[in-house]
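>>> Fold the following, please.
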Amino acid sequence: MGGHLGATRVRWGIIAIVSFHWPAWAAKERGYFAAEGLEVEIPVFDVTRTAVQALSAGGIEFCNPTPEFSIFAIQRGGPLRIVGGAIDKAMYDLIAGPRYRSLRDLKGTTIGVSNLQGGSTFLMQKMLARAGLKYPGDYDMIEVGGTPKRFAAVQSGGVSATVVTEPTSFRALDEGLLILDRATNHWPVYQFLVLTLNTNWARQQRQAAVGMLKGTILATQWLYDERNRDEALKILMKYVKVEPKYGPRTYDSMFKVLKAIPLLAEVNEQAMAPVLEIMLERKQVERKPALGEYADDSYRQEALAQLRREGKLR
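Just a heads-up that it's a prediction; the model follows:
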């Protein structure tokens, strides 16, 4: 196994190397996972669909995907449950090449997406619809891959536009691309990412599952404390390898302006509402499922109770 003798090995799959995974990296670097007897590996997937497939098949134990892919898998009988919230703000910026000055200018062009059925694609389509552009008809979409690949496609002119996340959107502006719209302009709260686990594994390793949530909550508390900002930025740079100038802007946006990561890893029902509305509208669900049909908060509640007993919750 390697690592700590007797540690429980857990694979937390992340989608693309972007700043949303800061708590996972911080929990690993700060030793919060190790303190729970966990040896956590953080494999990277290019798109959400493959990460959730790996989670369903037991190739990984833990993941922070967009909620709709977790719900799709659960509806098909996959051994998954959403056990927490990872990001409850819609973090996507719609960037375009310099010749496109408004959303209307994207009419007749091809837009890059990570997945034709993904949450980011739906949000982008709704932003475009509010500007009067309908799909199909007014523009085409092509699957390009994760944020770095989509950004490169806009840079090269291979696609007219795409949605990206910070710090890529900061870089886009610096390189002469334009931000035509932001999802946060339309959805003040939106359950953008969730924490999902494989229930077959969690039944056998309940304390490990609880420990994952404890480590995540401790790391999130630590990240929000501005006294830790410099060390937090070092952790981000180690994993994301962005230019140093983008680190502070990303930290301030995530932890001071948007407060995008829920402090206690809670799923926000108000933020789930627009996700479910879009799924219903796209006929991906026949009705809005109740929270209990796809989520299990008992692991998080257990994590909070243990952290309180240990005097570690602020």
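>>> wait, is residue 312 part of a strand?
No: secondary structure assignment (DSSP: H, G, I helix; E, B strand; the rest coil) places residue 312 in coil, not in a strand.
>>> Not counting residues beside it along the chain, what's closest to it?
Leaving aside its chain neighbours, residue 312 sits nearest to residue 218 (6.3 Å; criterion: CB to CB, 6 or more residues apart in numbering). (C-beta placed from N, C-alpha, C; glycine too.)
>>> Can you point out the buried residues in the one helix or strand residue 142 maps to?
Per DSSP states H and E, residue 142 falls inside strand 140-143. Going by neighbour count (16 or more other CB atoms under 10 Å), the buried part of strand 140-143 is residue 141.
>>> what is the mean pLDDT for the helix or strand following that strand?
Counting by DSSP H and E, the next helix or strand C-terminal to strand 140-143 is helix 147-156. Helix 147-156 shows an average pLDDT of 92 in the prediction.
>>> neighbouring contacts of helix 147-156?
Helix 147-156 is contacted from outside by 16-18, 46, 95-97, 112-114, 144, 158-165, 168, 171-172, 175, 177, using CB atoms under 8 Å, 6 or more residues apart in numbering.
>>> What about residue 100? Give its phi and psi, please.
phi -100, psi 110 (degrees, to the nearest 10).
>>> shouldn't it be in contact with residue 161?
Yes: contact status for residue 100 versus residue 161: in contact at 6.3 Å, counting by CB atoms under 8 Å.
>>> Looking at these two, which one has more neighbours?
When residue 100 is set against residue 161 and neighbours are counted by other CB atoms under 10 Å, the residue ahead is residue 161, at 28 against 19.
>>> Dig out what the residue lying closest to that one once chain neighbours are set aside forms beta bridges with.
Using CB to CB, 6+ apart and skipping the chain neighbours, the partner closest in space to residue 161 is residue 96 (3.8 Å). Per DSSP bridges, the residues bridged to residue 96 are residue 161, residue 178.
>>> ok, residue 96 - contacts?
Contacts for residue 96 (CB under 8 Å, 6+ apart) come out as 105-106, 154, 160-161, 177-178, 180.
>>> Now tabulate the residues you listed in JSON lines and tack on distance to residue 287.
Below are the contacts of residue 96 laid out as JSON lines (distance: CB to CB, whole Å):
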{"residue": "105", "distance to residue 287": "38"}
{"residue": "106", "distance to residue 287": "33"}
{"residue": "154", "distance to residue 287": "37"}
{"residue": "160", "distance to residue 287": "36"}
{"residue": "161", "distance to residue 287": "33"}
{"residue": "177", "distance to residue 287": "40"}
{"residue": "178", "distance to residue 287": "39"}
{"residue": "180", "distance to residue 287": "34"}
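>>> what about residue 287, how many neighbours?
Neighbour count of residue 287, defined by other CB under 10 Å: 7.
>>> Hmm, it is touching residue 280, no?
Yes: taking contacts as CB under 8 Å, residue 287 lies within contact range of residue 280: 7.2 Å.
>>> List the beta-bridge partners for the residue nearest the centre of the chain.
Nearest to the mean C-alpha position of the chain, by CA atoms, centre = their mean, lies residue 193 at 3.9 Å. Legend: beta-bridge partners of residue 193 under DSSP bridges are residue 87.
>>> mind starting the numbering at 5 from now?
Happy to do that; since the first residue is 5 now, the last one works out to residue 197.
>>> looking at it, it is touching residue 23, isn't it?
No: Residue 197 is not in contact with residue 23 according to CB under 8 Å; the separation is 11.5 Å.
>>> Flag every buried residue along the longest helix along the chain.
As assigned by DSSP state H, the longest helix anywhere in the chain is helix 210-228. Buried residues in helix 210-228, counted by 16+ other CB under 10 Å: 211-228.
>>> Identify the residues contacting the residue nearest to the centre of the chain.
Residues near residue 197 by CB under 8 Å, 6+ apart: 24, 68-71, 89-91.
>>> at 10 Å instead, please
With CB atoms under 10 Å, 6 or more residues apart in numbering as the criterion, the residues that contact residue 197 are 18-19, 24-25, 52, 67-71, 74, 88-93, 95, 123, 264-265.
>>> circling back: give the residues shared as contacts by residue 104 and residue 165.
In the contact map built from CB under 10 Å, 6+ apart, the residues linked to both residue 104 and residue 165 are 110, 113, 158, 181-182, 184.
>>> Would you reformat those residues as CSV and include distance to residue 255 and neighbour count?
Output for the shared contacts of residue 104 and residue 165, formatted as CSV (distance: CB to CB, whole Å; neighbours: other CB atoms under 10 Å):
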residue, distance to residue 255, neighbour count
110, 31, 21
113, 34, 17
158, 25, 25
181, 22, 22
182, 24, 18
184, 25, 20
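>>> how's this protein carved up into domains?
According to the domain assignment given by automatic domain parsing, the chain is divided into the following structural domains: 12-93+194-313, 97-189.
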